[in-house]
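Peer 1: would you be able to build a 3D model of this:
(one chain, ligands or ions: 3)
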Amino acid sequence: MATHKLLLLPGDGIGPEIMAEVKKVIAWLNARGGDTFETEEDLVGGAAYDAHGKAISEEAMQKALAADAVIFGAVGGPKWDGVDYEVRPEAGLLRLRKDLELFANLRPAICYPALADASSLKHDVIEGLDILILRELTGGVYFGEPKEITDLGNGQKRGVDTQVYDTYEIERIAKMAFELARTRRNKVTSMEKRNVMKTGVLWHEVVDDVHKRGYEDVELEHMLADAGGMQLVRWPKQFDVIVTDNLFGDMLSDVAAMLTGSLGMLPSASLGAPDGKTGKRKALYEPVHGSAPDIAGTGAANPIAMIASFGMALRYSFEMVEEADLVDRAIAATLEKGLRTRDLAGQGDAVVSTAEMGDAIVAELENLSA
Ligand code: NAD
Ligand code: IPM
Ligand code: MN
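Peer 2: Residues are numbered from 1 along each chain as shown. Ligands and ions are numbered 1, 2, ... in the order given. Predicted coordinates for the structure are as follows:
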């Protein structure tokens, strides 16, 4: 039986509240026997800025590099609106992604049967939905240089961000898209804007090329990203795996979140390349949503995206597929019983707190494995 080392980074806002619910799941797994988890905790985001003057300390970075997986809550909030760009809370998350080389961000959007009426879209459109957005995470406009605001000296300033992609960055994310599609419904939709962007032209060309070199059994379609956003809302079930760049992936996954009923439902896994010797990937697991400052401290946060992100850690970092399935089934069963945090509740539904939802999921883990 193995012991896995986790670094927990709860962060800001609702981050610590939803992390508290993951800790219950970890404690349940540890008590159950089988593989166990050793956890360490550190600060990130605004909490780290308040303590150290930067969004992640060097010590915490070292712990992240040494951990088998990082479990991340959320960062940011109005308290840090005025701090310098380089040390703002979000910079801690970007540094983790970059330094751990987490180039692939898997964002599955699954509509649990019990929530088919919780979305703002019609039941038919989202019932049975199971799609995967694969977002490139270490390139594009998030990291391209120059990235600056310059004073033009004539009373004007100029803000510049640079979208850059090299062939190898597109190749590795495209390969991962095809590999993942083979384990699902065997279809990849690649989204870019080659009608206006040079990176889009290259993206399209490289994805086609990777497809021809060993993945022709997988169906490939290309779609302009703006039209893709529209299609996601019109008929999302046409998709299986969507592969796209860093910025489009950010936006399209928030759109996809609403197909599942709430932004509080979408988990994610950020993965690096397999290590040459051990075959292990560096990994960070986090919900797609942010620190939700508007509801922080009220017990209204939905912990499901966070718990499901830990479920993805079981699946992708620790080969604990049975346990990962169990977590998904426990979430489904809890929703089936009618438990709803405020974001999921319809008119007349009783509302449970973050902790009550976490406790109910742990109780279902126990039920389902009895
Ligand atoms: P947000 O995702 O924090 O919130 C958007 C809306 O969704 C809010 O109304 C919020 O209450 C709701 N929401 C989000 N998660 C929820 C949950 N688990 N349960 C119930 N409701 C939930 O996005 P925002 O308000 O645009 O950003 C707030 C801060 O979070 C910003 O500082 C932003 O940079 C940061 N952010 C961080 C991450 C991250 O850490 N990965 C991701 C996105 C945004
Ligand atoms: C996300 C967030 C982040 C992003 C921010 C907080 C840096 O929106 O993970 O979706 O833009 O990637
Ligand atoms: Mn986002």
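Peer 1: how are the strands of the stretch 151-300 of the chain distributed by residue range?
Peer 2: For the stretch 151-300 of the chain, the strands defined by DSSP state E, counting those that start in this stretch cover 157-162, 187-192, 219-224, 241-244, 269-274, 281-285.
Peer 1: list the residues that contact K193.
Peer 2: Going by CB atoms under 8 Å, 6 or more residues apart in numbering, K193 touches 200, 224-226, 248. C-betas here are computed from N, CA, C, even on glycine.
Peer 1: quick one on the thing from earlier: point out the most buried one among the strands of the stretch 151-300 of the chain.
Peer 2: When you average the neighbours per residue for each of the strands of the stretch 151-300 of the chain (mean count of other CB atoms under 10 Å), strand 241-244 leads with a mean of 27.
Peer 1: quick one: mean pLDDT for that strand?
Peer 2: Mean pLDDT, computed over strand 241-244, is 98.
Peer 1: close to ligand 2, is that strand?
Peer 2: No. On the criterion CB under 6 Å from any ligand atom, strand 241-244 is out of touch with ligand 2, staying 12.9 Å away.
Peer 1: contacting residues around the residue of the stretch 151-300 of the chain at minimum distance from ligand 1?
Peer 2: Of all residues in the stretch 151-300 of the chain, the one sitting closest to ligand 1 is G290 (2.4 Å; CB to the nearest ligand atom). G290 is in contact with 13, 74-76, counting by CB under 8 Å, 6+ apart.
Peer 1: between these, which has the most around it?
Peer 2: Among the contacts of G290, A74 has the most neighbours (other CB atoms under 10 Å), with 32 neighbours.
Peer 1: mind checking pLDDT for the closest residue to ligand 1 within the stretch 1-150 of the chain?
Peer 2: Nearest to ligand 1 in the stretch 1-150 of the chain, going by CB to the nearest ligand atom, is G76, at a distance of 2.3 Å. On the pLDDT scale, G76 is placed at 98.
Peer 1: that one belongs to a helix?
Peer 2: No. If the criterion is DSSP: H, G, I helix; E, B strand; the rest coil, then G76 is coil and not within a helix.
Peer 1: which one is the closest residue to ligand 2 within the stretch 51-200 of the chain nearest to, not counting chain neighbours?
Peer 2: Across the stretch 51-200 of the chain, the shortest distance to ligand 2 (CB to the nearest ligand atom) belongs to E90, at 4.0 Å. Sequence neighbours aside, G76 is the residue nearest to E90 in space, at 5.6 Å (criterion: CB to CB, 6 or more residues apart in numbering).
Peer 1: P89 is in contact with the one you found, correct?
Peer 2: Yes. Using CB atoms under 8 Å, G76 is in contact with P89, at 4.4 Å.
Peer 1: find residues that contact each of those two.
Peer 2: In contact with both G76 and P89: 12, 45-46, 291, using CB under 8 Å, 6+ apart.
Peer 1: in helices, which of those appear?
Peer 2: Mapping the shared contacts of G76 and P89 onto helices (DSSP state H) picks out G46.
Peer 1: export the shared contacts of G76 and P89 to JSON lines and tack on pLDDT and neighbour count?
Peer 2: Output for those, formatted as JSON lines (pLDDT from 0 to 100; neighbours: other CB atoms under 10 Å):
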{"residue": "D12", "pLDDT": "98", "neighbour count": "28"}
{"residue": "G45", "pLDDT": "98", "neighbour count": "29"}
{"residue": "G46", "pLDDT": "98", "neighbour count": "26"}
{"residue": "S291", "pLDDT": "98", "neighbour count": "26"}
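Peer 1: circling back to that earlier point, of all the strands of the stretch 151-300 of the chain, which lies closest to G34?
Peer 2: strand 281-285 (19.3 Å; CB to CB).
Peer 1: beyond that closest one, next helix or strand please.
Peer 2: Per DSSP states H and E, the first helix or strand lying C-terminal to strand 281-285 is helix 304-316.
Peer 1: and that next one, average pLDDT?
Peer 2: pLDDT averaged over helix 304-316 gives 98.
Peer 1: chain center to it, what's the gap?
Peer 2: 10 Å (CA atoms, centre = their mean, to the nearest Å).
Peer 1: dump whatever helix or strand comes next after that helix to CSV, keeping only the CA atoms.
Peer 2: Using DSSP H and E, the helix or strand that directly follows helix 304-316 along the chain is helix 321-336. In CSV, the C-alpha atoms belonging to helix 321-336 read as follows (Å, rounded to 0.1, in the frame of the first residue of the first chain):
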residue,chain,number,x,y,z
VAL,A,321,-9.9,4.5,-10.3
GLU,A,322,-12.3,2.5,-8.1
GLU,A,323,-12.1,5.2,-5.4
ALA,A,324,-12.4,8.0,-8.0
ASP,A,325,-15.6,6.3,-9.4
LEU,A,326,-16.8,6.0,-5.8
VAL,A,327,-16.4,9.8,-5.2
ASP,A,328,-18.4,10.5,-8.4
ARG,A,329,-21.1,8.1,-7.4
ALA,A,330,-21.3,9.6,-3.9
ILE,A,331,-21.7,13.1,-5.4
ALA,A,332,-24.4,11.8,-7.8
ALA,A,333,-26.2,10.0,-4.9
THR,A,334,-26.1,13.0,-2.7
LEU,A,335,-27.7,15.1,-5.5
GLU,A,336,-30.2,12.4,-6.2
